[in-house]
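> Can you look at this prediction? I've put the sequence above it.
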Amino acid sequence: MGREGTTAESRALNESQQRHLLTNVQYADKLLSEIEEILTAASSRSPFPKYQVDVTPAQNKVIQDYIGRIRAQMLRILEGQQIAVPGPKFGAIHSIRVTLAFIRIALIEIGPKYMRGYGEVPESAVAELNGLVAELNTLVDKLSAYLAQGLDQDLQARLAKLEWKGDETALLQKLERIISAHGLVEFHSKLALILERLETRRFEIAVFGRVSSGKSSLLNHILRVNALPVGVNPITAVPTRLVAGSEANLTVAFADRHVEHLEIAALPDFVTEQRNPSNFKGVTSIVVALPAERLENGIMFVDTPGLGSLATSGAAETRAYLPQCDLGVVLINAGSTLSEEDLATIQALYEAGAPASVLLSKADLLSTQDREAALDYIAGQIRQHLGLELKVRPVSIMGEASALLDAWFEEDLAPLYARHQQLAVESVRRKIAALRESVEAALQSKLDRVEGVRAPDQEILRQVERELREAAGRLPEETTACLHITDQFENMAPLAVRRAASRIVECWARGEAADGHAAAEAMRETTAAAANQLYARLERLARDLAGALRKASRHLDSTEIPDEQEFARALREMPQLDIAGVPASFNRSPFVSLARPLAQAFAEARLKRVLGGEIVEAFRSYRRLLESWIRRALAEIQTRFDAHADTYRAQLERLLGSSEIDAGAAETIRRDLREIQYEPAEAGGATAGRNS
């Protein structure tokens with residue numbers, strides 16, 4: 001049969017030959033992609049370039065054209081053999097996040113623990129190496145978190161679809177373009193937060209307060225529902241958003257990005273510490289829809305995790321949520337008093353551009369005279385410490401005193417319903433104004449280098465950078481040291497029994513009744529030295545970190561100066577050993593008058609017989625409780641440190657960066673600065689609400 005007589009079927013390759021053809025074409029395409037990577041080396045920002053750039057723009061264009069033709073021809077060959085071109089196997093975001101996981105491993109291995117395999121690491125370099133790992137991993141984690149949010153983070157597309165078309169949107173679009181164009185990624189999360197508020201157009205009223213201050217009860221009463229669990233201590237492991245709905249239902253989102261829609265009765269399974277301890281279920285968002293009249297017109301209430309609770313890991317979520325609300329309602333429990341944490345919450349609200357309403361909850365516990373004195377005291381403390389004139393209102397949900405809560409709602413909150421859109425605009429304007437000022441300062445810093453503005457001494461800046469890095473490196477060191485100390489507590493039970501028995505024998509020797517309280521106190525004293533050592537280490541760490549940040553802020557002329565107390569607040573409420581079941585008294589030993597060792601043995605045997613394994617379990621539980629407290633305290637300290645340090649690091653990178661800015665780039669910066677300097681969007685609300 002001649003060539004002209006061949007058929008398509010006779011020209012077809014068998015399955016193995018087709019697979020071989022496809023594999024080699026794919027490999028050839030992979031090599032073409034590597035050529036493209038070589039061509040893009042000129043635009044790479046890598047400090048470790050692999051190739052010398054010796055390809056002219058004209059040559060680059062010709063090479064790209066040839067690559068296009070080669071690929072087109074390879075596709076024609078596959079089509080001729082009726083071989084389907086397989087689609088992509090992996091998503092780009094998934095692949096990047098997997099790569100980031102390997103980057104984390106690579107970064108961990110530059111820490112001093114692994115460096116010691118190549119020789120002894122100088123002690124002076126340990127903190128800096130640890131800090132270097134911490135700095136880089138913080139950035140990697142932020143990038144991974146950004147990617148985890150998927151398409152929701154395409155801010156440009158979201159801004160284009162935004163229904164709100166006022167001056168605020170125009171300024172945000174400019175800020176988004178400038179942030180992206182100049183690589184100011186440190187402002188990305190703030191921009192995303194503002195955009196989210198414009199998309200929802202809700203007026204968010206968040207209720208803050210210490211554990212047992214009555215937040216959930218107050219919300220149930222205001223909304224005339226019984227949806228939020230009360231009477232459980234502590235509750236609300238994560239913030240719970242209450243929105244209007246045609247019927248009651250619950251929407252729960254998890255860290256693995258799956259979402260569940262449930263009956264409202266399932267709410268305690270996610271918001272109570274008992275059913276979701278330390279948020280081990282990985283809940284990231286809870287939305288409760290309720291057919292409540294007072295939730296209409298875009299109003300949203302948020303029940304936040306209790307502050308100041310050892311057991312409630314959600315306190316960190318509460319602090320992270322602070323900048324999001326339009327109005328913060330801060331509850332002060334009439335059964336206790338105003339605390340540093342309450343003052344810090346009020347201050348944080350105003351710093352985030354959100355006014356505060358301060359309530360004295362459970363006011364029915366006080367007489368009229370005591371109530372007025374408490375209100376005057378709280379208002380006076382706020383005035384003295386924060387410089388704010390705030391009216392403090394008494395509220396209660398009990399009996400006739402509930403009229404106080406209704407009065408507050410009608411006089412203070414109800415008027416907000418009529419103008420919540422205006423307040424939302426003012427809140428967004430304040431947040432946009434703050435973001436604009438930050439972006440302007442960053443651009444001006446870049447421009448100063450071009451225009452020869454005298455920058456701080458470079459060596460001083462490098463020293464500041466080193467000290468920030470070393471301060472960050474202290475955190476993993478202290479974590480290891482503190483957890484090592486904590487491990488000792490579990491083995492202290494035998495010593496505690498001996499000390500308690502010795503205290504009992506001392507009472508007998510003096511002819512006194514052996515007090516069980518004294519015995520329990522002796523057991524607690526066993527842990528005192530180690531506990532004090534732990535606290536002192538953490539206190540010193542908090543003081544040193546705050547000092548490093550304050551020094552950096554001075555050299556960088558930053559107006560954002562951290563307070564040492566901001567870190568010290570993370571160390572409150574260190575747990576104590578709880579010894580239960582110790583008898584109120586012990587019968588006198590017949591051996592006291594004969595031999596002290598025999599009396600000691602008698603008392604120890606009695607303690608072990610009465611308490612059994614409870615003492616061992618008490619010390620084991622205390623060790624776990626301490627470990628949880630240490631991890632929480634250190635995580636909180638690190639969060640507060642990074643919140644300031646990340647801003648300083650970005651500024652240091654700009655001041656110490658070696659990359660040159662040409663005349664064209666400088667003019668672009670000037671143009672962008674002119675675009676965002678004092679926009680009309682600021683005028684109505686940059687300072688509004690400061691004393692509302």
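Now that the structure is in, tell me what you want to look at.
> the domain parsing of the protein - what is it?
By the record's domain assignment, the chain is partitioned as 13-80, 202-418, 459-659 (automatic domain parsing).
> elements contacting the host helix or strand of residue 433?
Assessed by DSSP states H and E, residue 433 sits inside helix 420-450. Counting contacts by 3 or more Cβ pairs under 8 Å, 6 or more residues apart in numbering; DSSP states H and E, helix 420-450 packs against helix 167-181, helix 188-200, strand 203-209, helix 614-656, helix 663-676, helix 680-683. For the C-beta atoms, the positions are set from N, CA and C on the backbone; glycine is no exception.
> Which residues belonging to the first one are considered buried?
Buried residues in helix 167-181, defined by neighbour count with 16 or more other Cβ atoms under 10 Å: 167, 168, 169, 171, 172, 174, 175, 176, 178, 179.
> So which of those residues is the closest to residue 387?
residue 168 (28.8 Å; Cβ to Cβ).
> tell me the contacts of that closest one?
With contact set as Cβ atoms under 8 Å, 6 or more residues apart in numbering, residue 168 has these partners: 198, 425, 428, 429, 432, 681.
> Looking at it now. What's its pLDDT?
pLDDT recorded at residue 168 is 76.
> Could I get the full set of helices for the stretch 1-150 of the chain?
With DSSP state H, counting those that start in this stretch, the ranges of helices along the stretch 1-150 of the chain come out as 8-11, 15-39, 57-80, 92-108, 112-115, 123-148.
> just the stretch 401-550 of the chain next, same as before
Using DSSP H, counting those that start in this stretch, helices in the stretch 401-550 of the chain cover 402-408, 414-418, 420-450, 458-487, 493-509, 516-555.
> For residue 63, which of those helices is the nearest?
That would be, of the helices of the stretch 401-550 of the chain and by Cβ to Cβ, helix 420-450, which comes in at 34.0 Å.
> ok, and for that closest one, which residues are buried?
420, 423-436, 438-440, 442-443, 445-447, 449-450.
> Could you do stretch 492-499 as well?
Quick answer for stretch 492-499 (16+ other Cβ under 10 Å): 492, 493, 496, 497, 498, 499.
> How about stretch 530-541?
Buried, per 16+ other Cβ under 10 Å, within stretch 530-541: 531, 534, 538, 541.
> Kindly reformat these as a markdown table and extend each row with pLDDT and distance to residue 677.
Converted to a markdown table, those look like this (pLDDT from 0 to 100; distance: Cβ to Cβ, whole Å):
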| residue | pLDDT | distance to residue 677 |
| --- | --- | --- |
| 531 | 84 | 54 |
| 534 | 88 | 50 |
| 538 | 90 | 44 |
| 541 | 90 | 41 |
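> Nearest to residue 219 among those?
Ranked by distance to residue 219 (Cβ to Cβ), these are led by residue 538 at 34.7 Å.
> Report the contact partners of that closest one.
With Cβ under 8 Å, 6+ apart, residue 538 has these contacts: 478, 482, 571, 630, 633, 634, 637.
> Leaving out chain neighbours, which residue sits closest to residue 386?
residue 347 (5.5 Å; Cβ to Cβ, 6 or more residues apart in numbering).
> quick check, that neighbour in a strand?
No - counting by DSSP: H, G, I helix; E, B strand; the rest coil, residue 347 is not part of a strand but helix.
> Would you check how far apart it and residue 285 are?
26 Å (Cβ to Cβ, to the nearest Å).
> Likewise for residue 388?
From residue 388 across to residue 285, the span is 31 Å (Cβ to Cβ).
> any idea how far residue 469 is from the closest residue to residue 143 other than its chain neighbours?
Distances taken as Cβ to Cβ, 6+ apart put residue 100 closest to residue 143, at 6.4 Å, once the chain neighbours are dropped. The gap separating residue 100 from residue 469 is 21 Å, by Cβ to Cβ.
> neighbour-wise, which of these two wins?
Taking other Cβ atoms under 10 Å, residue 100 and residue 469 do not tie; residue 469 has more neighbours (21 against 14).
> I'd guessed the more buried one sits against residue 132; true?
Yes - here residue 469 reaches residue 132: they are 5.9 Å apart, a contact under Cβ atoms under 8 Å.
> thinking again about what came up before, between the contacts of residue 538, which is nearest residue 88?
Distances from residue 88 to the contacts of residue 538, taken by Cβ to Cβ, are shortest for residue 634, at 41.6 Å.
> show me what contacts that closest one?
Neighbour list for residue 634: 475, 478, 479, 482, 538 [criterion: Cβ under 8 Å, 6+ apart].
> since we're on the closest residue to the first one other than its chain neighbours, how many residues are nearby?
What it means is residue 475. Among residues not flanking residue 475 along the chain, residue 638 sits closest, at 5.4 Å (Cβ to Cβ, 6+ apart). Neighbourhood size, residue 638 [other Cβ under 10 Å]: 19.
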